[in-house]
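> What follows is a predicted protein model with its sequence.
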Amino acid sequence: MIDRRYFLASAAASAALAAEPALARTERVDWHALAQDVRSEMAWAWAAYRKQAWGQDEIRPVSGTSKSFLIPGQTVGLSIVEALDTLWLMGLDAELEDGVRWIRQSLRFDLDGDAQVFEATIRLVGGLLSGHLATGEAKLLELAHDLATRMMPAFDTPTGMPMRYVNLHTGKTRDPLSFPAEIGGGLAPEFVTLSKLTGDKRFGEAAVNAMLTLYGKRSKIGLLADTIDVTTGAWTTRIATIGPPTDSYFEYLWDTWVLTGDKRLRDAYRSCTAAILAHLTDRTTGDLWFANVDFETGERLDLVQSELSAFYPGLLREGGKPGEARAAMRGWEKAQDRFGVLPEAFDPGDWSIKSKGNALRPELADSAFTLWLHDRDEHWRHVARTHFLNMKRTSKVAHGYSGLSDVTTPGAWNDACPGYWWSEQMKYYWLIFSDCPRFDYRDNYLSTEGNVFKGLKR
């Protein structure tokens, strides 16, 4: 049962926080020109990938080589799949057709190797679905259905929560110790959308059941820990966090409610959010952050922030908490202004960096885009512009864009361009700057991987 005290406290806090001003951004910007710059960078990076690593999962943009992602030594053209709807939205139609042609001719999932269910779903099933919705290409939907079918044995557990890995050829599964993000945060919108498009209900039903089963494991104060055994349903850690490996579970409770109208998911999202606001909020720095705490007692463990947690202000805004969203975003803006490129982890209590790398992360741009969609406040465009310019200044290399091994050292590239770079931040930048005619800004849905399942104007 949801504790109404959480909602009353949250409503009062939201009203107080809504009056807080945003950080000032006064510079006038030609947003159309900035959008065209984003599109040009996408086209340039795509040409480099086409020349140096075509059909491979990911390019190594410093050395001009490539690497596998899903299964070592094998390729599923991950970057192509992830780029599909971004290319379509940008009107890069020749590049899009080139990618679709490769998929028609070369992409197969009958691979004798273990695929991580979470990553395969958000990246490949999601990318193929959004690509299908953008282009109408039937082969993309056929491949999404094939891959999801090969992963269904993962749900054959006593709890219905999926195992982490499945062999795409044999169906053999492994790794029962899993995380909220992988149990619910990387399955439901993709599987629900697949069920709608194919009429095969088993995908959506399995994913929603897993999410609700996990929700039923929450503590008496309404919090989830971050690691669970899917065969026994027992928690194996005590850490409650909005960051990884829990993060997108909350995102997908809300998202799947939006896609399905299933009120059980809406109520679960509201309950989880109320518990987070009651037990994880921290204002010791003067800004709103979310601490890591014991999931049963609420005892604070630390205030270390993962860069991936920067998604949360956007989710708060989507879920009807504009005051908290704005207050939480202020801290992330200050972090961006301080570090330039956000490190993987830091402590806002003393601004000490706990992990110096940055894997071309899109989460701050994601929140800026989501806040702008709801508020249409130009301030959020400025936040995204800073994010884009910082990336362009620090990560552009010979054959594309590279993550950083050390954000404090110029030129400390890690020679990796993750597949989500094509699907996420380049799309967020384009949509927030461009007033894209192929996108419905009033009625849309983007997944945790940035895949557009609703709002494509064909």
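Nice, I can see it.
> Can you report how many residues neighbour residue 45?
Neighbour count for residue 45, taken as other C-beta atoms under 10 Å: 22. Any C-beta I mention is one placed from the backbone N, CA and C, and that applies to glycine too.
> neighbouring contacts of the helix or strand hosting it?
Following DSSP states H and E, one finds residue 45 within helix 31-52. By C-beta atoms under 8 Å, 6 or more residues apart in numbering, the surrounding residues in contact with helix 31-52 are 59, 61, 64-66, 79, 83, 86-87, 90-92, 95, 98, 381, 385, 388, 392, 396, 398-401, 417, 422, 426, 429-430, 433-435.
> Low-confidence stretches in the stretch 1-150 of the chain?
By pLDDT under 70, the weakly predicted segments of the stretch 1-150 of the chain are 1-26.
> Tell me the strands beside the helix or strand following the helix holding residue 45, with direction?
Downstream of helix 31-52, the next assigned helix or strand under DSSP H and E is strand 58-60. Sheet pairing for strand 58-60, assigned by DSSP bridges, gives strand 65-67 (antiparallel).
> Can you name every helix or strand that the helix or strand just after the strand it pairs with contacts?
From strand 65-67 onward toward the C-terminus, using DSSP H and E, the following helix or strand is helix 78-89. Contacts defined by 3 or more C-beta pairs under 8 Å, 6 or more residues apart in numbering; DSSP states H and E place helix 78-89 against helix 31-52, strand 58-60, helix 93-106, helix 126-135, helix 420-423, helix 425-434.
> State the next helix or strand along the chain beyond the last one.
Downstream of helix 425-434, the next assigned helix or strand under DSSP H and E is strand 445-446.
> I'd like the average pLDDT over that next one.
Across strand 445-446, pLDDT averages out at 97.
> roughly how far is that strand from the heart of the chain?
Taking C-alpha atoms, centre = their mean, to the nearest Å, one finds strand 445-446 lying 11 Å from the centre of the chain it belongs to.
> residues making contact with it?
With contact meaning C-beta under 8 Å, 6+ apart, strand 445-446 is reached by 189, 255, 258, 259, 427, 452, 453, 454, 455.
> ok, the third one - contacts?
Looking back up the chat, that one is residue 258. Here residue 258 is in contact with residue 445 (C-beta under 8 Å, 6+ apart).
> how close does residue 208 sit to residue 158?
18 Å (C-beta to C-beta, to the nearest Å).
> The two: who's more crowded?
Neighbours per residue, other C-beta under 10 Å: of residue 208 and residue 158, the larger number sits with residue 208, 23 against 10.
> For residue 210, which non-adjacent residue is spatially closest?
In space, and not counting its chain neighbours, residue 210 is closest to residue 161: 4.7 Å by C-beta to C-beta, 6 or more residues apart in numbering.
> Would you enumerate the residues in contact with residue 58?
66, 67, 68, 69, 78, 79, 416, 417, 418, 419.
> If you could redo that for residue 179, that was the one I meant.
Contact partners of residue 179, counting by C-beta under 8 Å, 6+ apart, are 226, 227, 228, 244, 245, 246.
> which of these tops the neighbour count?
Within these, most neighbours by other C-beta under 10 Å means residue 246, with 27 neighbours.
> ok, so what distance separates that one from residue 391?
Taking C-beta to C-beta as the measure, residue 246 falls 26 Å from residue 391.
> Please apply the same query to residue 297.
As judged by C-beta to C-beta, residue 297 and residue 391 stand 40 Å apart.
> neighbour count winner among the two?
Taking other C-beta under 10 Å, residue 297 and residue 391 do not tie; residue 391 has more neighbours (25 against 14).
> ok, that one touching residue 401?
Yes - using C-beta atoms under 8 Å, residue 391 is in contact with residue 401, at 6.9 Å.
> Now for those two: what residues contact both?
In contact with both residue 391 and residue 401: residue 360, using C-beta under 8 Å, 6+ apart.
> hmm, back to that, where's the residue nearest to residue 210, which helix or strand?
Under the criterion DSSP H and E, no helix or strand holds residue 161.
> Phi first, then psi, for it.
phi -80, psi 140 (degrees, to the nearest 10).
> show me the contacts for it.
Contacts of residue 161 (C-beta under 8 Å, 6+ apart): 155, 178, 183, 210, 213, 214, 228, 230, 233.
> Now with 10 Å, please.
154-155, 176, 178, 180, 182-184, 206, 209-211, 213-214, 217, 228-231, 233 (C-beta atoms under 10 Å, 6 or more residues apart in numbering).
> swap in residue 68?
The neighbourhood of residue 68, defined by C-beta under 10 Å, 6+ apart, consists of 56, 57, 58, 74, 75, 76, 78, 113.
> Is it correct that residue 184 is in contact with residue 245?
No - the pair residue 184 / residue 245 is not scored as a contact, 11.5 Å apart, by C-beta atoms under 10 Å.
> what sits in contact with each of those two?
Common neighbours of residue 184 and residue 245, counting by C-beta under 10 Å, 6+ apart, are residue 118.
> picking that back up, looking at the contacts of residue 179, which are in strands?
Using DSSP state E, the members of those that fall within strands are residue 228.
> out of the contacts of residue 179, which one sits closest to residue 334?
Ranked by distance to residue 334 (C-beta to C-beta), the contacts of residue 179 are led by residue 244 at 21.6 Å.
> before we move on, back to that, export the helices and strands packed on helix 78-89 to TSV and tack on distance to residue 316?
Shown next, in TSV, are the helices and strands packed on helix 78-89 (distance: least, C-beta to C-beta, whole Å):
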stretch	distance to residue 316
helix 31-52	25
strand 58-60	32
helix 93-106	34
helix 126-135	23
helix 420-423	22
helix 425-434	17
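> The ones you listed: which one's closest to residue 284?
Judged by C-beta to C-beta, the one of the helices and strands packed on helix 78-89 that comes nearest to residue 284 is helix 425-434, at 30.5 Å.
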